[in-house]
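# pasting the sequence and the predicted model now:
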Amino acid sequence: MAQGGRHAFVTGGGSGIGLAIATALTGAGWRVTIAGRSRERLDAAARGLPGLHVQPVDVTDAAAVKAAAHNAASALGPIQVLVNNAGGVSSAPFEKTGLDAWRHTIDLNLMGAVHCAQAVLPDMKTARWGRIVNVASTAGLVGYRYVSAYVAAKHAVVGLTKALALEVAKSGVTVNAVCPGFTDTDIVASAVKTIRKASNRSEADALSTFTATNPQGRLVRPDEVAAAVLWLASDEAGAVNGIALPVAGGEVT
């Protein structure tokens with residue numbers, strides 16, 4: 001499924017799902033830019049994947065995103081695939097989730113995707129070919145306790161995906177989302193540690209908090225999410241537009 005050296009821009013690309021996506025795209029012959037807030041983390045990722053372009057950026061800053069997209073295009077050519085993977089979650093009951101937490105969660109998970117899409121879409125439309133893949137979550141399809149801001153933001157990402165897909169449907173650009181369930185990343189590992197510390201539960205018991213929602217009884221692997229993104233970015237998926245694809249072992253159908 002080599003794509004002739006096209007350029008993919010992956011936000012949150014320094015670790016976890018983002019790094020797995022960058023690895024898959026590189027393996028398929030893409031030129032890849034990984035973007036994120038931590039230059040140190042991006043550089044560490046790039047050492048394991050020669051040829052990656054590293055682009056530090058805070059996706060919540062629209063002007064910085066525009067400059068980062070310009071820099072990446074100057075280095076590797078026009079951005080033909082955007083993977084909006086940057087995001088984050090914090091846990092608290094709704095009544096203890098303050099307005100600052102709400103704003104930060106919306107800015108990072110939703111507006112980051114908006115800023116990036118606005119930065120790259122004009123060139124995609126001019127080229128009459130492009131792919132935007134938003135990494136949402138099963139939280140964008142169902143509800144979860146104690147992460148109300150995150151659930152709301154990811155539902156908004158899914159809505160953005162569907163609306164933008166219709167707007168660009170005749171332009172040669174597709175817009176889709178992947179919705180991973182609980183995935184084997186540092187975020188889940190940290191959450192398991194927090195649960196163990198708060199409750200004295202064993203590691204296996206704490207982990208079951210996350211694996212129990214998956215009918216397969218396990219965490220999703222980052223490379224499984226990456227495989228879905230790789231397909232949506234391909235020529236073969238040209239007729240797939242506006243979907244929110246669960247990668248969650250049957251949790252959401």
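Structure's in. What do you need?
# look up how far residue 206 lies from the residue lying farthest from the centre of the chain.
Most distant residue from the mean C-alpha position of the chain: residue 200, 32.4 Å away (Cα atoms, centre = their mean). Taking Cβ to Cβ, to the nearest Å as the measure, residue 200 falls 10 Å from residue 206. (C-beta placed from N, C-alpha, C; glycine too.)
# same deal with residue 226?
26 Å.
# comparing the two, which residue is more hemmed in?
Set residue 226 next to residue 206 and count neighbours by other Cβ atoms under 10 Å: residue 226 wins out with 26 against 19.
# pull out the buried positions in the host helix or strand of the more buried one.
Following DSSP states H and E, one finds residue 226 within helix 222-232. Residues 222, 224, 225, 226, 227, 228, 229, 230, 231, 232 are the ones in helix 222-232 that count as buried (16 or more other Cβ atoms under 10 Å).
# strand partners of whichever helix or strand comes after that helix, parallel vs antiparallel please.
The helix or strand immediately downstream of helix 222-232 is strand 244-247, counting by DSSP H and E. Using DSSP bridges, the strands paired with strand 244-247 are strand 173-180 (parallel).
# in this structure residue 168 contacts residue 125, no?
Yes - taking contacts as Cβ atoms under 8 Å, residue 168 lies within contact range of residue 125: 6.9 Å.
# ok, those two, which is more surrounded?
The residue with more neighbours, out of residue 168 and residue 125, is residue 168; 19 against 14, by other Cβ under 10 Å.
# can you give me the pLDDT of the more buried one?
What the model reports for residue 168 is a pLDDT of 98.
# next one: residue 51
88.
# return the residues in contact with the closest residue to it other than its chain neighbours.
Leaving aside its chain neighbours, residue 51 sits nearest to residue 26 (6.7 Å; criterion: Cβ to Cβ, 6 or more residues apart in numbering). Counting by Cβ atoms under 8 Å, 6 or more residues apart in numbering, residue 26 touches 32, 49, 51, 52.
# does the first one fall in a helix, a strand, or a coil region?
For residue 32, the reduced secondary structure class is strand; criterion used: DSSP: H, G, I helix; E, B strand; the rest coil.
# can you pull up the bridge partners for it?
residue 8.
# quick one on the thing from earlier: tell me the SS of the residue nearest to residue 51?
helix.
# quick check: residue 206 touching residue 195?
Yes - Residue 206 lies in contact with residue 195 (Cβ under 8 Å); the separation is 4.1 Å.
# circling back to that earlier point, what separates the helix holding residue 226 from the chain centre, distance-wise?
Put simply, helix 222-232 sits 11 Å off its chain's centre (Cα atoms, centre = their mean, to the nearest Å).
# and stretch 83-92, by the same measure?
Mean-position distance between stretch 83-92 and its chain equals 8 Å (Cα atoms, centre = their mean).
# what's the mean pLDDT across that stretch?
95.
# which residues touch it?
Counting by Cβ under 8 Å, 6+ apart, 8-13, 17-18, 21, 35-36, 59, 101, 105, 108-109, 112-113, 116-117, 132-135, 137, 139, 146-147, 149-150, 153-154, 157, 187, 191, 229, 233 sit against stretch 83-92.
# in the protein, which spans are strands?
Along the chain, counting by DSSP state E, strands occupy 7-11, 31-36, 53-56, 79-84, 130-135, 173-180, 244-247.
# tell me what the third one is packed against?
Spelled out, it's strand 53-56. strand 31-36, helix 39-48, helix 62-76 (3 or more Cβ pairs under 8 Å, 6 or more residues apart in numbering; DSSP states H and E).
# what does the first one give?
If you count contacts as 3+ Cβ pairs under 8 Å, 6+ apart, strand 7-11 packs onto helix 16-27, strand 31-36, helix 62-76, strand 79-84, helix 112-127.
# with distance to residue 212 and mean neighbour count added, can I get the strands of the chain in TSV?
Below are the strands of the chain laid out as TSV (distance: least, Cβ to Cβ, whole Å; neighbours: other Cβ atoms under 10 Å):
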stretch	distance to residue 212	mean neighbour count
strand 7-11	30	28
strand 31-36	31	27
strand 53-56	37	20
strand 79-84	29	27
strand 130-135	23	27
strand 173-180	16	26
strand 244-247	17	22
